[in-house]
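Colleague: Test case, fold it:
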Amino acid sequence: MNTIKKSLLICLGFLAMPLISSASHLAGGEITYQWLQGNTYSFTLNLYRDCQGIAAPSSATLNFQGCGVSGSINLTQSGSPVLVTPLCPSAISQSSCNSGSLFSVQRITYTGVHTLPFACSSWVFSYDDCCRSSNSNLSSTGIGIYYKAVLNNLTFPFNNSVQFASLATNVIPVNATSQLGWNAYDLDGDSLVFELSPALQGPSQQVTYQAPYSFNQPIAASLPTVLDSQTGNLELTPSAFQNAVVCMKVTEYRNSTIVGITYRDMQITVVSGGNTLPSLSGINGTTNYNAFVCVGDTLSFNLTASDPDSGQVPVISADMLGTGASFTSGGNPSVGTFTWVPDSSDISAQSYVFPFTVVDGNCSYMGLQSYAITVYVSACNSNNVWPGDVNYDGVANAYDVLSLGLAYGDTGSVRPNASIQYTGQPSADWSNLFPSGINHKHADTDGNGLVDWSDTLAISLNYGITHPLRTPMQLMVPSADLTVTASADTIGTSMPVDLFVSISSPIDSISGLAFRIQLDTALVKINQTTIDYVGTVFGTPGFDLIKIDRVIANNGTIEVGLSRNDHTNISGTGQVVRIGIVTTDNVSGKVTLYADPIDIDGVTAAGVQEVLSPVGATVTIDPAYTGVISIENQASMSVAPVPSKGFLAVTLNDVSGVKPFEILDLQGRVVMQGEMHKGRNVLDISNFQHGFYHLKVNTDNGILISKIMKI
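Modeller: Numbers count the residues shown, from 1 in each chain. This is a model prediction of the structure:
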């Protein structure tokens, strides 16, 4: 399973039939999204309407914000409302949606397509309305509802939110245990972890539960509410008619990064009667709901339905999604058989999610549960190489340098008709594999049969381009710190500052490292960023070190990837890279610039993943800052100009005789030393590398220190 964690919150409200009045508000809702291309996504808003209440709107608006921008997305109604309350056929005419007396809920779906302005790690999409229906476990009535979804499309250029195979179950019986399986799934194959969480009534505003209720024990029940963190199965045993609000959070991990959060806010009606919901097994009676099949092979499995209520025979139905798959069911107990022989036209980067529904014969409210079987169809030969995507995670970027370093020097068959254009190119497998199971042929980006320096060209050429294929990554415990240290705590406007990235706590072994730093483009002239590897602990570029870096100007992201090419590790601590930035000139008042390393990925020469903990830096940007500092006595020494391109004039006051001085870089190394006298002294620093230095002058009264800057 992948290790990105996607968070999805499902909020459920329980209604008792005797307490239902003419609700004038929504009964729930949820936001989901699917990636189309680039930064373009399809958004879906599902609103659940109590049919005794007001009519649903004909359109809806999502708000979005992230990385300093905000906007709105217009959605239009898609299709007709769908009855989600499981009424038996003879009771449908009595539904409140048909002007009858039976409580019923409709789902109204709104959709729209929107292109986000750029990639961001914290897009938030939201919808709010007033108000919640009356309830028994919140401290007040009439409070608002707030649904949101969160997207991180910076760490991973494409991502789909979690989806639900099941309709929102909104009827369960009192004094009986119900097992609610939401059958949440992810098109990207990311791992899901479930937990209960507070519902929301506004941005960052949780609802307040009245005693004795809480978000993790939200109902009056004869047994504790239990949630299975791995499957999402929610076990409820309500002991009374009640209106309760329940929220479930589903978190998805990939490389320790959260990429999505969604709320499902839904009313569930607790009705009288002893009916128990039916259930459906996974594949061949197991709890597994995932299957893999190669083109031309036969996939066949059984699903078994069960119902503890005497005399009820559950019925299974399914949607084959227009494929060549077939499904038959029958018998007592009811067993369904799925069969599919996919052909080459069925190969897809995303999975097929087949929905299955099981219902019993109870009336007026049937017991109903929905499930999904996820099927992955592959050619099973991994023929295609996408030049630049060395680690085969679906995108060419700095992280591919890590795998390139592991395969460096390997040889294999030449790829026929090879090019470095970003297209899927068939290639025979090589002998060696990465620890992830991906073949080394993907490192031969130019297809000449040898992994060497020339294979970095395709990474640079196709940088940031994606294709819809990816491989799992494992969640790891951090083994060291990756620290950003600024050359100055305080800096002025239009002035340079260096960010030194280093492994600051000892690491046992590492061969390659990739990371990102995202800076506020309102504070930094991002196009003037410089990156150099002088003194890097990883080696010498062009000799035993390969490296790729990229500055993405539209969102202020700096990406760095470097790896040794001699299949050896380094250990301990040391500087990784220096990043030079320049502040903008439109800052009014003091502001803080944050420089934090994110999305850190390391690897040893053996291909073992190494995760490092991020330690960031802050720099105060002060328009009044001059850059001249004398720690001992500013009146005793003045330095100008600061910053300097070549010559410094150092004036010493209140001293006698000749005084020794030295200039040190930020690593404490002496780069110039000599003697000064009282009055004006001129120093030539034209051969210095740009950055910050400390000038120290020893006097009879102590040490005079000034921070200087070479540009």
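Colleague: now for stretch 198-215, what's the gap between its first and last residues?
Modeller: Stretch 198-215 has an end-to-end distance of 5 Å (CA to CA, to the nearest Å).
Colleague: please renumber so the chain begins at 610
Modeller: Taking 610 as the first residue, the last one we looked at is stretch 807-824.
Colleague: next one: that stretch to chain centre, how far?
Modeller: Its chain's C-alpha centre and that of stretch 807-824 lie 25 Å apart, by CA atoms, centre = their mean, to the nearest Å.
Colleague: same question, stretch 1308-1320
Modeller: Relative to its parent chain, stretch 1308-1320 has a centroid offset of 46 Å by CA atoms, centre = their mean.
Colleague: residues in contact with it?
Modeller: With contact meaning CB atoms under 8 Å, 6 or more residues apart in numbering, stretch 1308-1320 is reached by 1097, 1104-1105, 1236-1242, 1245-1246, 1248, 1251-1254, 1257, 1259, 1261, 1263-1265, 1268, 1272, 1294, 1297-1306. From N, CA and C alone the C-beta is placed, and that goes for glycine too.
Colleague: Quick one, which of those are buried?
Modeller: The neighbour-count test (16 or more other CB atoms under 10 Å) marks 1097, 1104-1105, 1236, 1238-1239, 1245-1246, 1248, 1251-1253, 1257, 1259, 1261, 1264, 1268, 1272, 1294, 1297, 1300-1306 as buried among the contacts of stretch 1308-1320.
Colleague: so of these, which ones are in strands?
Modeller: 1105, 1246, 1248, 1257, 1259, 1261, 1268, 1272, 1300-1306 (DSSP state E).
Colleague: what about residue 1183, how many residues close to it?
Modeller: Residue 1183: 14 surrounding residues under other CB atoms under 10 Å.
Colleague: swap in residue 962?
Modeller: The burial count for residue 962: 18, using other CB under 10 Å.
Colleague: Give the next helix or strand downstream of the one helix or strand it maps to.
Modeller: Per DSSP states H and E, residue 962 falls inside strand 961-968. Downstream of strand 961-968, the first helix or strand assigned by DSSP H and E is strand 977-987.
Colleague: max-length helix in the chain?
Modeller: The longest helix of the chain (DSSP state H) is helix 1009-1016.
Colleague: Below-threshold pLDDT in the stretch 1160-1309 of the chain: ranges please.
Modeller: 1235-1244, 1275-1277 (pLDDT under 70).
Colleague: what's the following helix or strand after the longest helix of the chain?
Modeller: Where DSSP H and E defines the elements, the next helix or strand beyond helix 1009-1016 is strand 1034-1035.
Colleague: Okay, now the sheet partners of that following strand, with direction.
Modeller: Here strand 1034-1035 has these sheet partners by DSSP bridges: strand 993-994 (antiparallel).
Colleague: Could you give the average pLDDT over the partner strand?
Modeller: The pLDDT scores in strand 993-994 average 86.
Colleague: returning to what we had before: what is the most widely separated pair among the ones in strands among the buried ones among the contacts of stretch 1308-1320?
Modeller: Across those, the longest distance by CB to CB is 29.0 Å; it joins 1105 and 1268.
Colleague: Looks like residue 635 contacts residue 657 (just checking).
Modeller: Yes - using CB atoms under 8 Å, residue 635 makes contact with residue 657 at a distance of 6.6 Å.
Colleague: Return the distance of the longest helix of the chain from the chain's centre.
Modeller: Centre-to-centre, helix 1009-1016 and its host chain are 23 Å apart (CA atoms, centre = their mean).
Colleague: Now do it: everything it contacts.
Modeller: 997-1000, 1041, 1043, 1047, 1049, 1051-1053, 1060, 1064-1065, 1068, 1120-1123, 1155-1157, 1170-1174, 1176, 1210-1212, 1214, 1216.
Colleague: Show me the strands in the stretch 1010-1159 of the chain, by range?
Modeller: Remark: strands assigned in the stretch 1010-1159 of the chain by DSSP state E, counting those that start in this stretch are 1034-1035, 1087-1095, 1099-1100, 1105-1119, 1121-1127, 1139-1141, 1154-1161.
Colleague: and if you look at the stretch 810-959 of the chain?
Modeller: Using DSSP E, counting those that start in this stretch, strands in the stretch 810-959 of the chain cover 814-815, 835-836, 843-845, 853-863, 866-880, 888-889, 899-903, 908-915, 924-927, 935-939, 944-949.
Colleague: Now render those as JSON lines, adding mean pLDDT.
Modeller: Shown next, in JSON lines, are the strands of the stretch 810-959 of the chain (pLDDT from 0 to 100):
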{"stretch": "strand 814-815", "mean pLDDT": "90"}
{"stretch": "strand 835-836", "mean pLDDT": "85"}
{"stretch": "strand 843-845", "mean pLDDT": "84"}
{"stretch": "strand 853-863", "mean pLDDT": "78"}
{"stretch": "strand 866-880", "mean pLDDT": "80"}
{"stretch": "strand 888-889", "mean pLDDT": "87"}
{"stretch": "strand 899-903", "mean pLDDT": "80"}
{"stretch": "strand 908-915", "mean pLDDT": "93"}
{"stretch": "strand 924-927", "mean pLDDT": "91"}
{"stretch": "strand 935-939", "mean pLDDT": "93"}
{"stretch": "strand 944-949", "mean pLDDT": "95"}
